[in-house]
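Q: Predicted model follows, preceded by the sequence.
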Amino acid sequence: MLAMVAAGATLAMAARHPTADIRVLTHQTGDPAPRRFQAAIEVGLVGVRLLYTWTARPAG
């Protein structure tokens, strides 16, 4: 019985948990090096990843 519980716990830890992947891409298409902010938070069984990009130079 203990071996089954240990095997189940091992499988639960090995399985990927749901993660929200949020990307807000506001940089200009021709920008070769856009600025970016990237963060990730993982809390227990849920994770959130955030990527935000923008163009630092003025258009024109």
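A: Nice, thanks for sending it over.

Q: next helix or strand past the helix or strand harbouring Arg36?
A: Assessed by DSSP states H and E, Arg36 sits inside strand 35-43. Using DSSP H and E, the helix or strand that follows strand 35-43 towards the C-terminus is strand 46-54.

Q: Name the residues of that following strand that come out as buried.
A: For strand 46-54, the neighbour count (16 or more other C-beta atoms under 10 Å) marks Thr53 as buried. Where you see a C-beta, it was placed from the backbone N, CA and C, and this is true even at glycine.

Q: For the residue nearest the centre of the chain, give the beta-bridge partners.
A: When C-alpha atoms, centre = their mean is applied to the chain, the residue found nearest the centroid is Arg49 (2.7 Å). In this structure, Arg49 bridges to Asp21, Ala40 when assessed by DSSP bridges.

Q: quick check: mean pLDDT across stretch 22-37?
A: The predicted model gives stretch 22-37 an average pLDDT of 93.

Q: Just the endpoints, please. Distance across that stretch?
A: 12 Å (C-alpha to C-alpha, to the nearest Å).

Q: tally of neighbours for the closest residue to Pro34 other than its chain neighbours?
A: Closest residue to Pro34 apart from its sequence neighbours, by C-beta to C-beta, 6 or more residues apart in numbering: His27 at 3.4 Å. Applying other C-beta atoms under 10 Å, we find 15 residues neighbouring His27.

Q: now swap in Arg35 and tell me
A: Neighbours of Arg35 under the rule other C-beta under 10 Å: 13.

Q: cool, the one 10 residues further on as well?
A: Other residues within reach of Leu45, judged by other C-beta under 10 Å, total 9.

Q: Repeat that for Phe37.
A: Phe37 has 10 nearby residues by other C-beta under 10 Å.

Q: what residues are up against Gly44?
A: When contacts are counted by C-beta atoms under 8 Å, 6 or more residues apart in numbering, Gly44 touches His17.

Q: For it, which phi and psi angles does the backbone take?
A: phi 60, psi -110 (degrees, to the nearest 10).

Q: Please report how far it lies from Asp21.
A: Noted for Gly44: a distance of 18 Å to Asp21, by C-beta to C-beta, to the nearest Å.

Q: Lovely, talk soon.
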